[in-house]
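Undergrad: have a look at this prediction, sequence included:
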Amino acid sequence: SGSGSGSGSGSGGVSGYSPPDGMVPFYLSPTTLRRLASPIGNVLTDPRSSVVKDACHHLVLLVERTAAAPSISPSDSSRTAPRPDRARHLLRDLLPTILTLHAQTVNVIRGYTTTMMLTVISLCRFKSGLPTLLDALRKNKSRDVREACARYLRAVLEAWSGTTAQNAVGERTAYLAQDVVTHIGNALAKALMDPSQCVRMEARTGFETFRTYYPEPW
């Protein structure tokens with residue numbers, strides 16, 4: 001039946017799609033992925049829990065695709081190997097919207113959101129989103145949002161500690177620089193005095209995780 005667009009001979013794309021020769025697939029371009037922040041954000045904030053469930057699921061699939069593109073070698077799963085983090089701008093831009101999902105009252109939506117976030121944090125590093133988490137942990141009026149921020153910071157410590165990144169002169173250094181680590185530790189320590197018990201409990205677990213990975217500052 002001819003060679004339709006779905007029968008390309010490339011390395012394979014999303015749902016079998018292979019882009020024309022010379023064209024970078026959208027899921028390999030951080031800039032292109034970032035353009036999806038607005039439409040994905042709109043779907044995530046849909047009042048129907050079934051829509052949010054699907055949106056969370058497909059966002060995870062997208063981030064998985066960006067992390068497992070054919071250009072990545074099998075060794076890239078180690079903590080010292082280069083990581084593309086192609087969805088970093090997209091996730092940073094989505095983070096404020098994602099946190100608002102914890103401020104609404106539908107428990108099942110908060111559950112979908114937490115599951116999605118814990119997965120994407122393990123798949124893609126986006127430290128430019130840390131200021132949003134740290135600020136919301138200190139200032140957000142919703143205890144559920146503050147609790148979520150503490151939980152996500154713990155996931156960051158578990159997934160990103162010990163990983164490396166290439167600096168401007170080509171050297172590989174710790175992905176979480178010492179000043180960033182200090183900010184995370186200070187935020188979790190202050191959250192131990194949060195008015196909400198659930199936030200304090202999550203901060204305590206997070207701070208114990210912090211001390212496991214970074215015992216020197218404390």
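TA: It's in. Only a predicted model underlies this, so the values are computations on that prediction, with no experimental measurement involved.
Undergrad: for the nearest residue to residue 128 once chain neighbours are set aside, give me its contacts.
TA: Nearest residue to residue 128, sequence neighbours excluded (Cβ to Cβ, 6 or more residues apart in numbering): residue 92, at 4.7 Å. Heads up, the C-betas are built off the backbone N, CA and C, glycines and all. Residue 92 makes contacts with 126, 128-129, 132, as judged by Cβ atoms under 8 Å, 6 or more residues apart in numbering.
Undergrad: can you pull out the helices in this structure?
TA: 30-34, 37-44, 49-67, 88-103, 107-123, 130-139, 143-160, 178-191, 197-213 (DSSP state H).
Undergrad: of all those, which one comes closest to residue 169?
TA: Closest of those to residue 169 is helix 178-191, at 18.1 Å (criterion: Cβ to Cβ).
Undergrad: which elements pack onto the closest one?
TA: helix 130-139, helix 143-160, helix 197-213 (3 or more Cβ pairs under 8 Å, 6 or more residues apart in numbering; DSSP states H and E).
Undergrad: rewinding a little: out of the contacts of residue 92, which end up buried?
TA: Using 16 or more other Cβ atoms under 10 Å as the burial test, those include 126, 129, 132 as buried.
Undergrad: below-threshold pLDDT in this structure: ranges please.
TA: By pLDDT under 70, the low-scoring segments of the chain are 1-22, 69-82, 217-218.
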